[in-house]
Every structure is written in C-alpha cells, then in structure tokens.
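> Using only what follows, build the 3D model:
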Amino acid sequence: MHRHLSALPALFLPTGDMCLVAYGALAVYLHTGVAAVVAAIAVALTLILAFVVTFEMRRVLREQAHAATAHADLLARLVDTQQVISSADFDFEAVLKIVADESLRLTHADAAVVALPDGSELVFRAVAGSAVPFDGMQLERATTISGRAFECGETLVCVDAEQDDRVNLDACRLVGARSIVVVPLLHEGGTVGVLLVYSREPHAFGDQDVNVLSLLGNVVATALVRAEAIQELNSRATTDELTGLLNRGAWYAQLDVALARSRRIAKPISVVVLDVDGLKKLNDSRGHFAGDELLLSMTQVWQDALRPSDVLGRIGGDEFAVILDGASESDARWVVARLALALGVGRSASAGVATWDGAESPEALVQRADEAMYRSKRARGAARAALHL
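As a prediction, this is how the structure comes out:
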C-alpha cells in the first residue's frame, strides 16, 4: 500500500492537517449516525409506550363503562322492583311473593325465601326457585344463621355451609344451601322477618349481591308492615261478602300486579270471565237464598278446580273472573274445560277467554274476555247449552 501511495503525485499525498480534518469528518459522521439510530429507537419506544398506555386506558375505560352500565341496570331493576312492591301494597301475600321472586332474579341465586317469625321459629312464608318444595318450613331461630340475623339485626353471609358453625347443617343439606346471604327486615327499630337467598355452590355470592339484597331489604320491611296493616284494615272492603272471594276492585288490583309481573318476565297471562246461567230466573222463582246457594256451590267447585296461583274473583252479581298467570290462550281453554268437568250437570255458565297482548290496559283485557263470553252466550241461544261448568 505504501508503494501505491508513493506513486501518487505529491499534490495528493495527505498532510498532517489533512489527516486531522479527515478523522474529524469521520468522527462527526459516526457520531451523527449513532445519534440518529438512538433517536429513532427513542421515537419507536415512545410510540410503543404510547400505544400500550392508550390500549390500557381504553381497556380500563371499557371496564368502567361496563361497570357503570351494569350498575345503572341494577339500579333500574331495583327501582322497578320497588314499584312492583308498592303496587301490591294491598295484599300481604302478594308482597311476600314478589319479594321472593325479585330477590331470586336480582341475585341469580338458586333459591330465595322470606321467613317470618312464629314464636321461637322462623317460617318460610314465601319461596322462589329451588326453595318452592319447602314452603312453610320452620327453622329454629336459636340454631340457624337466619335466626342469628333476625336476632342481631345485621346481614350475615355464609360462604360455605360445610365450614360454618353458625348454620344448621342438616337444614342446609336438606334444602341444598351451600352458600347463604341473610338480610334482616328492619322496621322502626325491630326485625319483622328475614330475606335470604342461597345457592348449592360455595362462594356463590359477591359484594354486589349483598348490597342488592341490603338495598331491597330497606324497602321490603316497610312494605310488609304496610301491606299487613292495609290487608287487616281493608279485608272487608276487598272481599265479596257472600262468597269470600276478592271483589271487583281487589281483583282488578291483583290483575295490575300480575300484568306488571308478566311484562317484566315476558310470560303470558290470560283472563277467563264466567257468567252464571239462569241466576236471575232462579232468584225470581225460588228467591235470593236459592240464588246465593247456587253461587256459593259454584265458587267452591271453581276454587277446588283451580291452581293455588290462579286468582278467582266476583266482579259482578252473576259474573266472575279468573287470572291465569303464565297461561297462554290454549292453556286458558284447558282450564275452562277442567272447570266444565268439575261442576257437572245442573249448573252452567258462559265463559270467555282473552290473553294479554302486552300493551292493553287491564280493563281492555277483561272487556275482550267479557265480549267473548257474551258471544258464547248468544251462540247458545235460549238453551244455554254450550258450556256446562
């Protein structure tokens, strides 16, 4: 290499100053290149970090939005439940049933129970879910977690009945309760009952379930006390004096509750209107005592033939109506056929069926059933032989 350099003209041979300049230029180039790479890496890392932060923020925001939506939905369901309870304040048993049903729905438990005190025991007065077979069951207050909650007035949670000495293990195994939440129903400093939900699985309930039941318990106790008082004060005002059935106003109030429940759980509901044949003729020929005897005998047969959940009421002199909760039109016609078999020969009535369309008023629903009943009556003509109930 030195030979090649010596062959160059002296003009092109590097001097000391030129070498310094070249080395300086090379250093500047190298420094600038490294700086550019470092800068590029820094920019890339910044972008990656920004992406990660943005992604995480979006995830957190989505979770917060989901939680807010779930919370709002929960509050809406609680408000709906309170409205349904308020609409049933004329009927103590209806309030009990609504509370049990709504507690089951709000917590997704396997079972829900409203238990009320009876001496030293708590009695299952309203049940829902897998607790239905245990309606009327009695628990000793001194040996159960429900009794403890009743006595101390505080919400108690059992995450696993097999590991909790506060529970009556035999009773828990009988009903299938592995995890339990018990909320005392407090009113004016006293406990009027307990609301409990349970699951066959351990650790089934979270903080939200406990909070939901606590919020529900705040209004339930007052509603129960009010309903009991109203029922006691208005028993005569809501009951037909002759038959002991609900009168027109009380029956329509029950229909309001049933329609609200049907709307909420999206199940059908039907109404049957029944008109006793020949009542006026019997009253005119044999007197009102004979007419009353006919009405009493027919209503007794009808009550025996209907389900406990069906609501029979007297809405007019010779006119009765039945609320068939959960029944489609075909189900309702089967009920009419069953009533026909139950009454036998010698007594008859005209019947009309209508199934709620999900929007019409209670009065419009009953009017459709009433119109169907009169069509049936007219179709039979004077013989009144179409339906033998």
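
> Can you name the residues that contact residue 122?
Contacts for residue 122 (Cβ atoms under 8 Å, 6 or more residues apart in numbering) come out as 115, 116, 138, 139, 141, 144, 146, 147, 150, 193, 194. (Each C-beta comes from the backbone N, C-alpha and C, glycine too.)

> Residue 279: which of those is nearest?
Compare each of those with residue 279 using Cβ to Cβ and the shortest gap goes to residue 116, at 40.8 Å.

> name the element that closest one belongs to?
Assessed by DSSP states H and E, residue 116 sits inside strand 111-118.

> Can you name the next helix or strand after that strand?
Sequence order places strand 121-129 as the next helix or strand after strand 111-118, per DSSP H and E.

> Show me what secondary structure element comes after that next one.
The C-terminal neighbour of strand 121-129 among helices and strands, as given by DSSP H and E, is strand 138-140.

> Partner strands of that next one, with direction?
The strands that strand 138-140 pairs with in its sheet are strand 121-129 (antiparallel) (by DSSP bridges).

> how far out from the middle of the chain is the partner strand?
On the basis of Cα atoms, centre = their mean, to the nearest Å, strand 121-129 sits 17 Å off its chain's mean C-alpha point.

> Quick one: mean pLDDT over it.
When pLDDT is averaged along strand 121-129, the result is 93.

> Dump that strand to PDB, restricted to CA.
Below are the C-alpha coordinates for strand 121-129, written out as PDB (Å, rounded to 0.1, in the frame of the first residue of the first chain):
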ATOM      1  CA  GLU A 121     -89.200 -20.200  64.900                       C
ATOM      2  CA  LEU A 122     -88.900 -18.700  61.500                       C
ATOM      3  CA  VAL A 123     -91.400 -19.900  58.900                       C
ATOM      4  CA  PHE A 124     -90.900 -19.900  55.200                       C
ATOM      5  CA  ARG A 125     -93.800 -17.700  54.100                       C
ATOM      6  CA  ALA A 126     -92.800 -17.000  50.500                       C
ATOM      7  CA  VAL A 127     -90.400 -19.100  48.400                       C
ATOM      8  CA  ALA A 128     -88.900 -19.000  44.900                       C
ATOM      9  CA  GLY A 129     -86.600 -21.200  42.900                       C
END
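
> ok and it relative to strand 111-118, angle-wise?
Orientation of strand 121-129 against strand 111-118 (axes from the mean of the first three to the mean of the last three Cα atoms, to 10 degrees) gives an angle of 160 degrees.

> In strand 121-129, which residues have enough neighbours to count as buried?
Applying a neighbour-count criterion of 16 or more other Cβ atoms under 10 Å, one finds 121, 122, 123, 124, 125, 126, 127, 128, 129 buried in strand 121-129.

> Tell me how far residue 116 lies from residue 122.
As judged by Cβ to Cβ, to the nearest Å, residue 116 and residue 122 stand 7 Å apart.

> who touches both of the two?
Both residue 116 and residue 122 are contacted by residue 193, under the criterion Cβ under 8 Å, 6+ apart.

> Strands of the stretch 251-389 of the chain, start to end?
Ranges of strands within the stretch 251-389 of the chain are 269-276, 311-314, 319-325, 349-355, based on DSSP state E, counting those that start in this stretch.

> can you redo those as a markdown table with distance to residue 243, mean pLDDT and mean neighbour count?
Supplementary listing: the strands of the stretch 251-389 of the chain in a markdown table, determined by distance: least, Cβ to Cβ, whole Å; pLDDT from 0 to 100; neighbours: other Cβ atoms under 10 Å:
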| stretch | distance to residue 243 | mean pLDDT | mean neighbour count |
| --- | --- | --- | --- |
| strand 269-276 | 11 | 93 | 24 |
| strand 311-314 | 6 | 94 | 23 |
| strand 319-325 | 9 | 94 | 23 |
| strand 349-355 | 14 | 92 | 24 |
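
> coming back round to it: which strands border the strand holding residue 116, and is each parallel or antiparallel?
Under the criterion DSSP bridges, strand 111-118 sits next to strand 121-129 (antiparallel), strand 190-199 (antiparallel) in its sheet.

> So for residue 326, which of these sits nearest?
With Cβ to Cβ as the measure, strand 121-129 is the member of the strands paired with strand 111-118 nearest residue 326 (13.9 Å).

> circling back: who wins for proximity to residue 272 among the strands paired with strand 111-118?
Closest approach to residue 272 among the strands paired with strand 111-118 is made by strand 121-129 (25.6 Å; Cβ to Cβ).

> so where's the stretch 151-300 of the chain shaky on pLDDT?
For the stretch 151-300 of the chain, residues meeting the criterion pLDDT under 70 lie at 227-237.

> Helices of that one, start to end?
Counting by DSSP state H, counting those that start in this stretch, residue ranges of the helices within the stretch 151-300 of the chain are 169-175, 207-238, 248-265, 279-286, 288-305.

> With that, I have no additional questions.
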